[in-house]
Structure formats: structure tokens, C-alpha cells
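1. Please work out how this folds:
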Amino acid sequence: MGSVTAIKHRLLCAVFVILMMFCGQLLASIVTQIEFVGNEKTRDYILKQEMQTKIGNELDMALLKDDLQAIMNLGIFRDVDYYLYAADDNVQGHVKLIVVVREKYYMVVIPEIRFDEADKAFRLGILGYWDNIFGSNQRLHLKTREFGGILGVDDIRHELTYEIPRLYGSAFNFTVFGHLREAAIVEANVDAQARKEKKYGFDVLRWRHLKNRSSGWYMGAGLYHEERNNEALVAGDVSEPDYQGKFWGLRVGYKKVDEYLFNRRGKDFGYTIDTTRLLFDAEQNHTKHLLFYKGYYRLKSSPLNNLNARVELGVSEGEYLGDTEFYLGGSELRGYIKNYYSGNVRVLMNLEYLKPFTNNPSYRYGMLFDLGNTYDSFDEIELAHLHPAIGVAFRWKLAAFVNVNLRMDIGYAIDTGDSNVLINSRHLF
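-> Predicted structure coming up:
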């Protein structure tokens with residue numbers, strides 16, 4: 001019934017536009033009213049700040065189309081549509097724009113079950129998402145996850161993130177976060193340790209154009225604290241040193257990703273640096289550089305088909321809290337055992353080709369290909385020694401919920417012959 005009503009409204013809208021064209025008034029049409037329908041929770045200003053069509057402007061259909069896509073890109077609506085009518089003042093050339101949205105469900109708790117190939121056991125987790133808080137597109141994400149265990153001690157990780165996009169209607173995004181991990185660590189030539197890790201801080205991002213949409217070029221900066229505390233698991237063994245550090249970060253990049261009901265299109269690339277330098281109480285000098293590119297390609301002939309790509313180059317100067325910076329295996333180099341490779345430099349590439357099942361595009365399947373390795377230093381990079389992995393991918397897009405995209409990847413490590421099954425509630429990238 002809803003689709004029939006939408007078609008009727010669309011026909012009426014088309015007739016209205018044709019009449020304006022016939023009367024020679026299209027170029028002179030002025031938007032004198034903008035109304036929003038369907039946003040029972042979302043406040044009007046959240047939609048307005050993504051629109052460049054303003055009251056008093058001439059009607060520009062290309063600009064309006066971009067406005068609707070920008071609203072869809074917020075990720076909090078299932079679909080966005082519009083209708084045009086004669087304005088209530090009955091003045092010739094004045095039009096009323098009605099933007100119609102269909103909201104998603106903004107709160108969900110998901111049990112997470114993952115199979116750990118290394119331990120041949122299932123791992124549990126709880127993921128909680130509360131999006132569009134107060135109708136202001138603020139987001140609270142909570143995660144509690146189990147990553148196996150050693151010597152009777154479970155590896156438990158907790159994460160909390162609170163994000164405020166477009167703070168007070170400005171071009172600034174503000175995020176606070178905290179991470180906690182408790183685990184047992186067994187390493188070569190080191191006594192087994194009970195380790196507790198903490199990380200907390202904040203990040204501020206500014207879109208380059210103050211009055212434009214939430215996309216394009218950006219610059220961000222943040223400050224955060226990390227610490228790692230060790231205690232020998234066995235009485236009489238040697239406890240490893242504790243580490244802590246205050247880091248500041250800087251990032252610049254470009255992001256323009258269009259969200260659709262079942263997939264996305266666009267690109268996201270940039271450079272980030274995190275360092276302890278210039279901070280007076282730094283216990284050690286450490287700097288991490290990361291160059292990244294993410295591309296999402298929809299095929300013109302089959303818009304529901306996707307080719308997704310990610311490329312990363314990470315370089316670390318100095319040890320990170322007494323350890324190497326990067327690890328590979330598990331969810332990023334699919335097929336290889338978790339943390340199988342480690343080093344202070346990382347090269348990584350991920351490719352996915354996905355297509356929908358014929359009867360239901362919310363379910364998709366496809367092929368994946370990963371390539372990566374870690375090195376002790378930048379000078380040791382040899383692209384000929386990257387480790388490949390192949391596999392199959394399955395996706396379930398829960399379009400009615402925000403940020404819930406169930407995925408299952410079955411990867412095979414070509415170099416080692418290992419394989420694993422990864423189940424998660426978010427996209428890989």
C-alpha cells in the first residue's frame with residue numbers, strides 16, 4: 001500500500017513539474033516552504049543542515065537531488081523522497097518542497113558469535129548501538145567481546161564510543177572513546193603475564209566547508225592516553241615493565257560515500273599520524289603514520305553489485321608501549337590465524353566483489369581477495385613477499401536498523417594452508 005501511495009504522489013509531482021514547464025515558470029520557481037514528513041524522532045535541523053536548497057532560492061532539481069542523497073548519507077533513514085506542490089500563498093512560481101523520510105530503528109543489541117579457528121571454539125560478544133540520540137544524530141556504541149583465552153584467563157575487551165556529528169550545527173564532529181582489555185599474554189622468552197590495557201581520549205573533526213554537507217575534505221585532531229600494565233601470572237616469575245603514554249593525533253582526508261539501501265558508492269582516503277612527540281611527559285618516542293584508501297564501486301549495469309577495495313600502508317617509528325605496532329591475520333588478512341604476522345610496518349589490500357541473491361537484495365554473496373604482510377622497518381618492504389588469501393563472502397543488510405550489516409567471511413590462507421570463518425555485525429571497511 002505504501003509503495004502505491006508513493007507512486008501516486010510521484011505522478012502528481014511529475015504532473016506539477018510538467019505544468020510549470022508548460023507555463024514557462026520552471027526556471028523562475030522559488031522555494032518558499034520546506035516541510036519534513038516522517039521524521040518522528042529526527043529533528044528538522046538535522047535534515048536542513050545537509051541541504052543547500054534554502055527557502056527563497058530558485059528551485060534547482062540537480063541540487064535538490066544532491067540534497068536528498070546527502071540526507072540519505074546520514075545513515076539514519078531507510079529512504080528519502082520529495083514532493084513539490086504549489087505554495088500555500090498561491091503566488092504563481094512559488095512552490096512548497098516536502099521532504100519525506102522513513103526512519104530506521106535506532107537502538108539494537110546484538111549477540112555476537114565468532115568461531116576462533118586457532119582454538120577451535122566459539123567466542124561470544126555483545127554489541128549495543130544507540131543511534132540518533134535525542135533526534136540529533138548522536139551515537140553511542142558499546143562492545144563487549146571475548147577473544148579466546150590462555151592459561152585460564154579470558155581475553156575480554158570493552159569499547160565505548162560517543163559521537164556528536166555537526167556539534168551545535170557547526171562543521172565540527174566531536175567523539176569521546178574508551179577501551180579496556182584484560183588478558184593473559186604468552187610470548188617467546190618472556191614469562192606469562194596478566195595484562196590490562198586502557199585507552200581513552202577524544203577526537204575533533206572539521207569538515208572544510210562550514211555550510212556544506214557532511215562530506216568532502218576534512219581535518220581532525222585528537223588527544224588520548226594509553227597504558228599497559230603487566231603482572232606475572234605465576235608467583236616468582238618476572239613481571240614485564242608497565243608502559244603508558246599520551247598521544248596526539250592529526251588526520252586529513254577526503255570522504256564522499258553515498259549510502260543506498262543495500263550498498264554504497266564513493267571513496268574515503270587520507271593520512272593519519274599519532275605520536276608522543278612534543279608532549280613533555282612522554283616516556284618514549286613513538287610515531288605512527290597511516291595512509292589509506294577505501295573505494296566502493298557500484299556497477300552501472302547492475303547497481304546492486306559492488307566492488308569494494310581497501311589499501312593501507314602503516315609505518316611505526318619506535319616501539320608501541322613496548323611492543324610492535326601492527327598485526328595481521330584474522331579479520332583483516334582473512335584465512336590466516338589472528339595476529340599471525342607482526343611488525344612495525346604493514347602493507348594491506350582487501351578486495352570484495354558482492355552481488356545480491358535474485359529474490360532478495362538484502363542478502364548478498366561474493367568473492368574476497370586479501371594481500372598483506374608486516375615488516376620490521378620501512379626499508380624491508382618487499383611487495384613480492386605479500387601473503388595472499390582468497391575466500392567467499394556472505395552479507396545480510398538489516399535495512400531497518402542503523403549500522404547493522406551481518407557478514408560471514410570464509411577465508412583460505414594460500415601460504416600457510418590455514419582457513420577460518422569470520423562472523424561479524426559490521427562491514428570490514
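2. show me where the stretch 251-400 of the chain has strands.
-> 264-275, 287-298, 306-317, 326-328, 341-343, 345-356, 363-375, 387-397 (DSSP state E, counting those that start in this stretch).
3. for the third one, the distance to its chain's centre please.
-> Okay, so that is strand 306-317. The gap between where strand 306-317 is centred and where its chain is centred comes out at 14 Å by CA atoms, centre = their mean, to the nearest Å.
4. Note down every partner strand of it and its orientation.
-> Sheet pairing for strand 306-317, assigned by DSSP bridges, gives strand 287-298 (antiparallel), strand 345-356 (antiparallel).
5. re earlier: adding distance to residue 254 and mean pLDDT, write the strands of the stretch 251-400 of the chain out as TSV.
-> Any C-beta I mention is one placed from the backbone N, CA and C, and that applies to glycine too. Listed next are the strands of the stretch 251-400 of the chain as TSV, based on distance: least, CB to CB, whole Å; pLDDT from 0 to 100:
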stretch	distance to residue 254	mean pLDDT
strand 264-275	6	96
strand 287-298	10	96
strand 306-317	15	95
strand 326-328	24	91
strand 341-343	29	92
strand 345-356	20	96
strand 363-375	24	96
strand 387-397	25	95
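6. Give me the neighbour count for residue 259.
-> Counted with other CB atoms under 10 Å, residues neighbouring residue 259 total 19.
7. Give the full set of residues in contact with the residue lying closest to it once chain neighbours are set aside.
-> Take residue 259 and drop its neighbours on the chain: the residue closest to it by CB to CB, 6 or more residues apart in numbering is residue 73, 4.9 Å away. Residue 73 sits next to 50, 213, 214, 215, 257, 258, 259 when contact means CB atoms under 8 Å, 6 or more residues apart in numbering.
8. for the stretch 101-250 of the chain, what spans make up the strands?
-> Under DSSP E, counting those that start in this stretch, the stretch 101-250 of the chain gives strands at 107-116, 121-133, 138-150, 153-164, 172-185, 193-207, 216-232, 243-259.
9. quick revisit: give me the phi and psi angles of the residue nearest to residue 259.
-> In terms of degrees, to the nearest 10, the main-chain angles of residue 73 are phi -70, psi -10.
10. Make a markdown table out of the strands of the stretch 101-250 of the chain and add mean pLDDT and distance to residue 60.
-> Formatted as a markdown table, the strands of the stretch 101-250 of the chain follow (pLDDT from 0 to 100; distance: least, CB to CB, whole Å):
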| stretch | mean pLDDT | distance to residue 60 |
| --- | --- | --- |
| strand 107-116 | 79 | 37 |
| strand 121-133 | 87 | 28 |
| strand 138-150 | 87 | 31 |
| strand 153-164 | 92 | 31 |
| strand 172-185 | 94 | 28 |
| strand 193-207 | 94 | 22 |
| strand 216-232 | 93 | 19 |
| strand 243-259 | 93 | 19 |
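11. could the ones you listed go into TSV alongside distance to residue 334?
-> Shown next, in TSV, are those (distance: least, CB to CB, whole Å):
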stretch	distance to residue 334
strand 107-116	13
strand 121-133	16
strand 138-150	16
strand 153-164	20
strand 172-185	22
strand 193-207	25
strand 216-232	27
strand 243-259	22
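12. Closest one to residue 401 out of the contacts of residue 73, please.
-> Nearest to residue 401, judged by CB to CB, of the contacts of residue 73 is residue 259 at 13.7 Å.
13. How much space separates the closest one from residue 366?
-> 19 Å (CB to CB, to the nearest Å).
14. Residue 390 now?
-> 12 Å.
15. Kindly report the same for residue 422.
-> Distance of residue 422 to residue 366, given as CB to CB: 15 Å.
16. now swap in residue 101 and tell me
-> Taking CB to CB, one finds residue 101 at 30 Å from residue 366.
17. more neighbours, those two?
-> Using other CB under 10 Å, the more surrounded residue of residue 101 and residue 366 is residue 101, with 23 against 19.
18. what residue lies at the spatial centre of the chain?
-> residue 429 (6.4 Å; CA atoms, centre = their mean).
19. Contact partners for that one?
-> Applying CB under 8 Å, 6+ apart, the residues near residue 429 are 294, 308, 310, 350.
20. if you skip the residues just before and after it, what's nearest to the last one?
-> The shortest distance from residue 350 to any residue that is not its chain neighbour, by CB to CB, 6+ apart, is 4.5 Å, and that residue is residue 310.
21. residue contacts, that neighbour?
-> Taking CB under 8 Å, 6+ apart as the test, what residue 310 contacts is 292, 293, 294, 295, 348, 349, 350, 428, 429.
22. which strand residues sit across from it in the sheet?
-> residue 294, residue 350.
23. how many neighbours does residue 231 have?
-> Close neighbours of residue 231, defined as other CB under 10 Å, add up to 12.
24. For residue 321, see how far away it is.
-> When residue 231 is compared with residue 321 (using CB to CB), they lie 15 Å apart.
25. Check residue 124 too.
-> Distance from residue 124 to residue 321, by CB to CB: 27 Å.
26. neighbour count winner among the two?
-> When neighbours are counted by other CB under 10 Å, residue 124 and residue 321 differ, and residue 321 comes out ahead with 18 against 11.
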